[in-house]
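Novice: Here is a sequence together with a model predicted from it:
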Amino acid sequence: MKLRLALSLIALAIITRLSLNLLPHPPHNFSPIAAMGLFGAVAFNRKWLAILVPFAALFISDLFLNNVIYSEYFSSFTLITSWWLYAAFGLVMMIGWFLLKEKTNPSRIIAASLLSSGVFFLISNFSTWLNGTMYPHNGAGLMTCYVAGLPFLSNTVLGDLFFTSVLFGAYFWAARLIPSKQEA
């Protein structure tokens, strides 16, 4: 029953991610992506599910976003826009395993969420600097890229805190209401 609950919450996060791009919403980076990675690391007892489900959620929602909603920005069908973002997502999942798997409490969830926001900020801006042409490929260019990304960081932090709170809160609240097989 808890597996179905966890899968349902991940599905809801996918729908939320897609709908945030279809409806009026807070500006860029207010997204459930990091929350899916942190939550998946805790909610699934089998490691292969903890890896597969959040990555599949990210991939499926990316396919729709890249090839339907933002198709005008791509010249052809796009599977992956940036391997760097998937690497950042993998690191977010590792944060979940190390900070939350053994002991999950509100302060650890907040810490994991904030750390995830920082990891995403550092990696996404690094990839923009490295793979783009907007900034010189030197130390000053990298710092300029990070400074230019600062306005997006607040929405990343707010989105990560909000969606992490919603996923974990809903899961632990509902898990208390659903009797386990031992109790049934």
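Specialist: Thanks, I have it.

Novice: Grab the nearest non-local neighbour of Arg17.
Specialist: Closest residue to Arg17 apart from its sequence neighbours, by CB to CB, 6 or more residues apart in numbering: Ser61 at 4.9 Å. C-beta: built from backbone N, CA, C; applies to glycine.

Novice: do Gly40 as well
Specialist: Pro54 (3.6 Å).

Novice: What distance do you get for that neighbour to Thr81?
Specialist: Distance of Pro54 to Thr81, given as CB to CB, to the nearest Å: 17 Å.

Novice: Please say which of those two ends up with more neighbours.
Specialist: Pro54 (28 against 14; other CB atoms under 10 Å).

Novice: List the residues that contact the more buried one.
Specialist: Residues near Pro54 by CB atoms under 8 Å, 6 or more residues apart in numbering: 10, 36-37, 39-41, 89, 93.

Novice: distance between the one helix or strand it maps to and the chain's centre?
Specialist: Assigned by DSSP states H and E, Pro54 falls within helix 47-64. Distance, stretch centre to chain centre, for helix 47-64: 10 Å (CA atoms, centre = their mean, to the nearest Å).

Novice: The chain should start at 46 in everything you say after this.
Specialist: That works, and once the first residue is 46, the last one we named lands at helix 92-109.

Novice: What's the first helix or strand after it?
Specialist: Moving toward the C-terminus from helix 92-109, the next helix or strand (DSSP H and E) is helix 128-145.

Novice: Packing partners of that following helix?
Specialist: For helix 128-145, the contact count by 3 or more CB pairs under 8 Å, 6 or more residues apart in numbering; DSSP states H and E identifies helix 78-88, helix 92-109, helix 151-176 as packing neighbours.

Novice: ok, and what's touching that helix?
Specialist: Against helix 128-145 from outside (CB under 8 Å, 6+ apart): 78-79, 82-87, 95-96, 99-100, 103, 125, 153-154, 156-157, 160-161, 164-165, 168-169, 171-172, 176.

Novice: How about the secondary structure of Asn90?
Specialist: coil (DSSP: H, G, I helix; E, B strand; the rest coil).

Novice: now it: how far from Ala51?
Specialist: As judged by CB to CB, Asn90 and Ala51 stand 10 Å apart.

Novice: Looking at these two, which one has more neighbours?
Specialist: Ala51 (23 against 11).

Novice: wait, the more buried one sits on Ala88?
Specialist: Yes: in this structure, Ala51 is within contact of Ala88 by CB atoms under 8 Å, at 3.8 Å.

Novice: Identify each buried residue in the worst-scoring helix or strand of the chain on mean pLDDT, please.
Specialist: Ranking every helix and strand in the chain by mean pLDDT, DSSP states H and E puts helix 47-67 at the bottom, with a mean of 77. Buried residues in helix 47-67, counted by 16 or more other CB atoms under 10 Å: 50-51, 54-55, 58-59, 61-63, 65.
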